[in-house]
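> Sequence and predicted structure, then a few things I'm wondering about:
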Amino acid sequence: MVARDGGFPPQAASPDAHAAVRSLFDAHYGPLAGWAARLLDDDDLAHDVATEAFVRLLRTFDTVEEPRAWLYAVTANLVRDHWRRTSRERVAYRRFSHDQGQDPTADREAAEHRSDTATRLTVRQVVLSLPDSLREAVLLYYYADLPVAVVAARLGKSEGTVKRDLFDARRRMAALLEDVR
């Protein structure tokens, strides 16, 4: 991923911001990229997403109150954007295949995924299907392993509301995943 303005490093960042972001990078890049890899199931893309999150942090460092939570929230948004884009591409491919008279399920190799991969994709799809308010809480709490207080601060909600969102998300996900068991 490339910075939208094409410049790197961002020129508006102060030397202090560069040093602080470098320190955060050293401490959090590995876990952030690993978290993104679990969500995306693609190591290269995960590293691109994590790097983009740090580039964005560098651009806005002076306005960020909790950098670790901010990084995970930005990464969650980038992952969600990727999932949406991929979903649209799949729909377009299916439409194209149907219009061409091809059977998109004909490729047996692609259709026969290992059970754990299918389950990961199903969980990913279920998380993606949650409303934004519930999905953000799930990603930050369960995937980024942030405490409820930090999730609440990042989302601008009370801790009680975040706990309720997590409860509602678990209930919805359990209902949707019932068939996978």
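Structure's in. What do you need? What you see is a predicted model, and the numbers here were worked out from it, not measured in a lab. Residues are numbered from 1 along each chain as shown.

> What is the least confident helix or strand in this protein?
Every helix and strand in the chain was compared by mean pLDDT, DSSP states H and E; the lowest is helix 108-111, with a mean of 47.

> Tell me where this protein has helices.
Per DSSP state H, the chain carries helices over the ranges 15-40, 43-60, 67-99, 108-111, 115-129, 132-138, 148-155, 159-177.

> Which of those helices comes out lowest on mean pLDDT?
Of all the helices of the chain, helix 108-111 carries the lowest average pLDDT, namely a mean of 47.

> For Lys157, what are phi and psi?
phi -130, psi 170 (degrees, to the nearest 10).

> So the chain: which segments form each domain?
The chain breaks down into these structural domains: 1-112, 113-181 (assignment by automatic domain parsing).

> okay, those in TSV with mean neighbour count next?
Where C-beta positions appear, they are placed from N, C-alpha and C, glycine not excepted. Conversion of those to TSV gives the following (neighbours: other CB atoms under 10 Å):
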stretch	mean neighbour count
domain 1-112	15
domain 113-181	15
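
> I'd guessed Trp83 sits against Arg124; true?
Yes - Trp83 is within contact range of Arg124, at 7.1 Å (criterion: CB atoms under 8 Å).

> quick one, what contacts the spatially closest residue to Tyr141 that is not a sequence neighbour?
What sits nearest to Tyr141 in space, not counting adjacent residues and going by CB to CB, 6 or more residues apart in numbering, is Val151, at 5.2 Å. Contacts for Val151 were tallied using CB atoms under 8 Å, 6 or more residues apart in numbering; they are 69, 137, 140-141, 162.

> For Asp62, give its distance to Arg38.
Going from Asp62 to Arg38 by CB to CB, to the nearest Å gives 31 Å.

> And for Ala46?
Per CB to CB, Ala46 is found 8 Å from Arg38.

> for Asp26, same thing?
Per CB to CB, Asp26 is found 21 Å from Arg38.

> Repeat that for Ala76.
With the distance defined as CB to CB, Ala76 ends up 12 Å from Arg38.

> which residues do the two both contact?
Counting by CB under 8 Å, 6+ apart, the shared contacts of Ala76 and Arg38 are Tyr143.

> my guess is Leu155 contacts Leu134, does it?
No - the pair Leu155 and Leu134 does not pass the contact test of CB under 8 Å, sitting 10.7 Å apart.

> what distance separates stretch 139-156 from the centre of its chain?
13 Å (CA atoms, centre = their mean, to the nearest Å).

> Now the terminal residues of that stretch, how far apart.
15 Å (CA to CA, to the nearest Å).

> can you list contacts of stretch 159-172?
Identification of contacts with stretch 159-172 by CB under 8 Å, 6+ apart yields 126, 130, 133-135, 137-138, 141, 148-149, 151-152, 155, 157.
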